[in-house]
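Asks: next one to model:
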Amino acid sequence: MTPSAEAHNETLRGYTDLTLFNLESDSARIGFDLTMTLANSKGGHLTLHCSDVQNLELNPNGEDFKRFLGLHIEDLREDGLERIRYSLEDLENEAIFLHCANIQLERPV
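Replies: Numbers count the residues shown, from 1 in each chain. From the prediction side, this is the model:
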C-alpha cells in the first residue's frame, strides 16, 4: 500500500537542508526523475524520489534553495490524471514546485 500524502508530510517534517539535487531523463519513457537528499539538524538524511516529473518550477533565491522550510506533498490522485498524481512544493520559500506520478521517501539503512 502506498503511504498517504499526510504520512509523507509527517516523515518530511524537520528535513530542511538540501544536500543533493539530481534531475535525470528516464530513457524508458518520456520524462524526468528527481532525487533530492535532505538532512535534518540531528544529522539524519532522507532521500526523496519523484518519478515522471512535470511542471517543474525552481525559484532559487540565493541561500533559500539550500533550505526547504515547508516541503508539502499533496495527493492529486482523485483528479483522475494519469501522470499527475502528486504535487510537491515548498510552501515557505516557494523555491520548488512540481507535479509527478509517484513519490518515494527512503531513509538510509
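Asks: so how far is Gly43 from the nearest residue to Ser4 once chain neighbours are set aside?
Replies: Closest residue to Ser4 apart from its sequence neighbours, by Cβ to Cβ, 6 or more residues apart in numbering: Asp75 at 6.8 Å. In short, each C-beta sits where N, CA and C put it, glycine included. In this view, Asp75 and Gly43 are 30 Å apart by Cβ to Cβ, to the nearest Å.
Asks: neighbour-wise, which of the two wins?
Replies: Asp75 (15 against 6; other Cβ atoms under 10 Å).
Asks: isn't the more buried one right next to Tyr86, touching?
Replies: Yes - contact criterion Cβ atoms under 8 Å: Asp75 and Tyr86 qualify, at 6.2 Å.
Asks: common neighbours of those two, please.
Replies: Counting by Cβ atoms under 8 Å, 6 or more residues apart in numbering, the shared contacts of Asp75 and Tyr86 are Ala5.
Asks: tell me the contacts of Phe68?
Replies: Thr16, Leu18, Leu38, Asp90, Glu92, Asn93, Ala95, Ile96.
Asks: would JSON lines of these with neighbour count, secondary structure and distance to Phe65 be doable?
Replies: As requested, these are exported to JSON lines (neighbours: other Cβ atoms under 10 Å; DSSP: H, G, I helix; E, B strand; the rest coil; distance: Cβ to Cβ, whole Å):
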{"residue": "Thr16", "neighbour count": "18", "secondary structure": "coil", "distance to Phe65": "12"}
{"residue": "Leu18", "neighbour count": "19", "secondary structure": "strand", "distance to Phe65": "7"}
{"residue": "Leu38", "neighbour count": "21", "secondary structure": "strand", "distance to Phe65": "13"}
{"residue": "Asp90", "neighbour count": "20", "secondary structure": "strand", "distance to Phe65": "9"}
{"residue": "Glu92", "neighbour count": "14", "secondary structure": "coil", "distance to Phe65": "12"}
{"residue": "Asn93", "neighbour count": "18", "secondary structure": "coil", "distance to Phe65": "8"}
{"residue": "Ala95", "neighbour count": "21", "secondary structure": "coil", "distance to Phe65": "5"}
{"residue": "Ile96", "neighbour count": "20", "secondary structure": "strand", "distance to Phe65": "8"}
